[in-house]
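Trainee: Need the 3D shape of this:
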Amino acid sequence: MPTLRLALAQVNPTVGDLDGNARIVREWSRAAADAGAQLVAFPEMMLTGYPVEDLVFRDSFVVASRAALRGLAADLVADGLGELPVLVGYLDADGPPTMSADANPGRGPRNALAVLHAGRIAATYVKHHLPNYGVFDEGRYFVPGDTLTVVRIGGVDVALTICEDLWQAGGPFAAARRAGVGLVVTINGSPYELDKDDVRLPLVRRRAAEAGATVAYVNMVGGQDELVFDGDSMIVTADGTLLTRAPQFVPHLLVHDLELPGADAAAIRPDAPLRDEAARAEGSGAADDMTVSRVQLSDELAAPPAPRAVGGIAEAVSGEAEIWQALVLGLRDYVRKNGFGSVVLGLSGGIDSAVVATIAVDALGPERVVAVSLPSGHSSEHSRDDAADLAKRTGLDYRVQPIQPMVDTFLANLSLSGLAVENLQARVRGVILMGLSNQEGHLVLTTGNKSELAVGYSTLYGDSVGGFNPVKDVWKTLVWKLARWRNDDAVRHGTEPPIPENSIAKPPSAELRPGQLDTDSLPDYPVLDAILAGYVDGDMGRDDLVAAGHDAQLVDRVLRMVDLAEYKRRQSAPGTKISIKAFGRDRRLPITNRWRERGTDPVPADTGTGADQTNDARGAHAGL
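Mentor: Predicted structure coming up:
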């Protein structure tokens, strides 16, 4: 059997940075060539970054993508890499967008892959299966391809696929089997969510069996707005053997020697349609017709240089360690890619702001994190001490700015009482943080967790103020788990735990009135989070939640709070997605909405929701 040395470049592109992304391709192609690679593959839409969203609709961006691809092909030759086949994802188009009045059926923007070789675009492939669920809107943006591209490299047939092609039965992988290929390369922009790495390996094994060929899976790494990509590139044989796997959350060049079957000299004609029955076998209910396009790049494949390249299998991370890495990477890249030099947050001494501060220190270093204690007349001494203690443990830039004189000035000129005074304190804190942001150039981090966002337990323009929220998709109960894990991890590595034990152990409180506790307004968080996870992440209805054992009256109360807080969530800062359904890109509900699950109180037809929203705007939970 021929031996092919394959390199999978698990790298971190930036959306819109075509020149920078092309430089990454050149640098990592050089590293692949220096490692003796005979084929190197980069992630989905590598040249443009992913996802590009409505940039797809700009002709200027499409033209720039295609020009960058041609320029990259020439630059690789200038770098002495012309003979190395390079697989690169990019944005293409063969017509205007589908919503255009000038659109033509079957034509439009394309999520494409190019094979660059000898200074030219030797072959292209267009993504066949387009995801249109969760965070994906590719049905809005792209037109699917109907042709499987097979390139012959030194007597080995290699089929090309893109991301969602792997997640659905039938189509390209079934066509690859009919075409008799030895290797399927799939380039990916597959976002992270908890335990997704446990799903990928069985999935790649199914597709390898479907194709009857080895499958090489390369995924991007890095943060892009709410999304974070974890890499986890791998190679799996047709019988399901995992040959090699890259580490998560870091750039990595995975180089491995593959013994692959030689191509069939009597292969089917390039334009012969392949009838796909595999889709029915996995329950899709339909079969695809795909044409195979064959391109020959080279006649012979020289033996790769010694020693044999073995990529190895990276140690898996899981649970809180995996989540922590995702949150750190998501924040680091949001700050880096958007040009911020530092971040600022309110440090209350509570658990949420303690975890956010520690994530920020891990992501950026303590010298780039400013934490401000903003005590009011209701802030306890132990909270102030806990904030100072965390600052000392982590070494971040710590400042103290009392807010009570400012609050008193407001109250001397504006008659407020009760909840309005509580929210005023949060809003004064928000003004201070934004003032520091404007004055010193910091990105403001907000610290509200997913549980609080779900039920509206925050103050608009107060503790919700900020440009990014690292724990936006983290349930409150998980915040505690992450804090304990991070401290335990510090002990394992012989360093001081960053989070004071008192911040973890004490009952959570916004400290906006004497003796206030979160449980004054909310159920205990383990009870609350169980209901929220079912309703938000699982789309369970009221009856389903009650049948699962939750108290009916409590379910009604919690669902009402979630429904009425939609207007607040719509105004919240972006934050890293780690769950199956994050607020924002994943969960999209109308603000003006009178649908209520059976059993909850209907919204009166003559009053709307305004009064309810005011009553449910509970005092700002700190983080501030």
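
Trainee: so where's the longest helix in this protein?
Mentor: Under DSSP state H, the helix in the chain containing the largest number of residues is helix 419-440.

Trainee: give me the number of residues near the closest residue to Val546 other than its chain neighbours?
Mentor: Counting by CB to CB, 6 or more residues apart in numbering, the nearest residue to Val546 once its immediate chain neighbours are dropped is Ala552, at 4.9 Å. C-beta here means a position set from N, CA and C on the backbone, and glycine is covered the same way. For Ala552, the count of nearby residues is 12 (other CB atoms under 10 Å).

Trainee: what does Gly80 give?
Mentor: Neighbours of Gly80 using other CB under 10 Å come to 10.

Trainee: related to what we said a few turns ago, and the longest helix of the chain, how far out from the chain's middle?
Mentor: 30 Å (CA atoms, centre = their mean, to the nearest Å).

Trainee: Repeat that for stretch 576-583.
Mentor: Using CA atoms, centre = their mean, the offset of stretch 576-583 from its chain centre is 8 Å.

Trainee: Let me see the mean pLDDT of it.
Mentor: Averaging pLDDT along stretch 576-583 gives 93.

Trainee: for stretch 96-112, same thing?
Mentor: Per-residue scores along stretch 96-112 average to 81.

Trainee: Report the buried residues of that stretch.
Mentor: By 16 or more other CB atoms under 10 Å, the buried positions in stretch 96-112 come out as 96-98, 108-112.

Trainee: Could you pick out which of the residues you listed are located in strands?
Mentor: Counting by DSSP state E, those place 109-112 in strands.

Trainee: which one of those is nearest Val86?
Mentor: Distances from Val86 to these, taken as CB to CB, are shortest for Ala112 (14.2 Å).

Trainee: how much space between that closest one and Glu381?
Mentor: Going from Ala112 to Glu381 by CB to CB, to the nearest Å gives 61 Å.

Trainee: Now the phi/psi pair for the residue nearest to Val546, please.
Mentor: Main-chain dihedrals, Ala552, degrees, to the nearest 10: phi -60, psi -40.

Trainee: Tell me, what's the model's pLDDT at it?
Mentor: Ala552 carries a pLDDT value of 95.

Trainee: Can you tell me how far Thr237 is from Trp475?
Mentor: Thr237 is 39 Å from Trp475, by CB to CB.

Trainee: who's more crowded, these two?
Mentor: The neighbour comparison of Thr237 against Trp475 (other CB under 10 Å) goes to Trp475, with 24 against 17.

Trainee: how about that one, what does it touch?
Mentor: Contact analysis of Trp475 by CB atoms under 8 Å, 6 or more residues apart in numbering lists 449-451, 525, 529, 532-533.

Trainee: Identify the residue nearest it in space, chain neighbours excluded?
Mentor: What sits nearest to Trp475 in space, not counting adjacent residues and going by CB to CB, 6+ apart, is Asp529, at 4.6 Å.

Trainee: do the same with Ser383
Mentor: The shortest distance from Ser383 to any non-neighbouring residue, by CB to CB, 6+ apart, is to Gly349 (3.4 Å).

Trainee: Does the one you found lie in a helix or a strand, and which?
Mentor: Counting by DSSP states H and E, no helix or strand carries Gly349.

Trainee: which phi and psi does the nearest residue to Thr576 once chain neighbours are set aside have?
Mentor: Nearest-residue entry for Thr576: Gly330, 3.2 Å, with adjacent residues in sequence omitted and distances by CB to CB, 6+ apart. Here is the backbone geometry of Gly330 (degrees, to the nearest 10): phi -60, psi -40.

Trainee: How much space separates Gly330 from Val491?
Mentor: If you measure Gly330 against Val491 using CB to CB, the figure is 25 Å.

Trainee: More neighbours: the two, which one.
Mentor: Gly330 (31 against 10).

Trainee: who wins for most neighbours among the contacts of Trp475?
Mentor: Counting neighbours by other CB under 10 Å, the top entry in the contacts of Trp475 is Asn449, with 31 neighbours.

Trainee: That one contacts Trp480, doesn't it?
Mentor: No - judged on CB atoms under 8 Å, Asn449 makes no contact with Trp480 at a distance of 9.9 Å.

Trainee: what residues are up against Ser437?
Mentor: 344, 443-444, 467.

Trainee: go again using 7 Å as the cut-off
Mentor: Shown in contact with Ser437 (CB atoms under 7 Å, 6 or more residues apart in numbering): 344, 444.

Trainee: The residue nearest to Trp475 in helix, strand or coil?
Mentor: helix (DSSP: H, G, I helix; E, B strand; the rest coil).

Trainee: so it sits right up against Val474, yeah?
Mentor: No - Asp529 lies out of contact with Val474 (CB atoms under 7 Å); the separation is 10.5 Å.

Trainee: In contact with the residue nearest to Trp475, which residues are there?
Mentor: Going by CB under 7 Å, 6+ apart, Asp529 touches 451, 475-477.

Trainee: out of the residues you listed, which are inside helices?
Mentor: Per DSSP H, the contacts of Asp529 map to helices at 451, 476-477.

Trainee: now the residue nearest to Tyr141 when sequence neighbours are not counted: how far from Asp165?
Mentor: Nearest residue to Tyr141, sequence neighbours excluded (CB to CB, 6+ apart): Val56, at 4.5 Å. Separation of Val56 from Asp165 (CB to CB): 19 Å.
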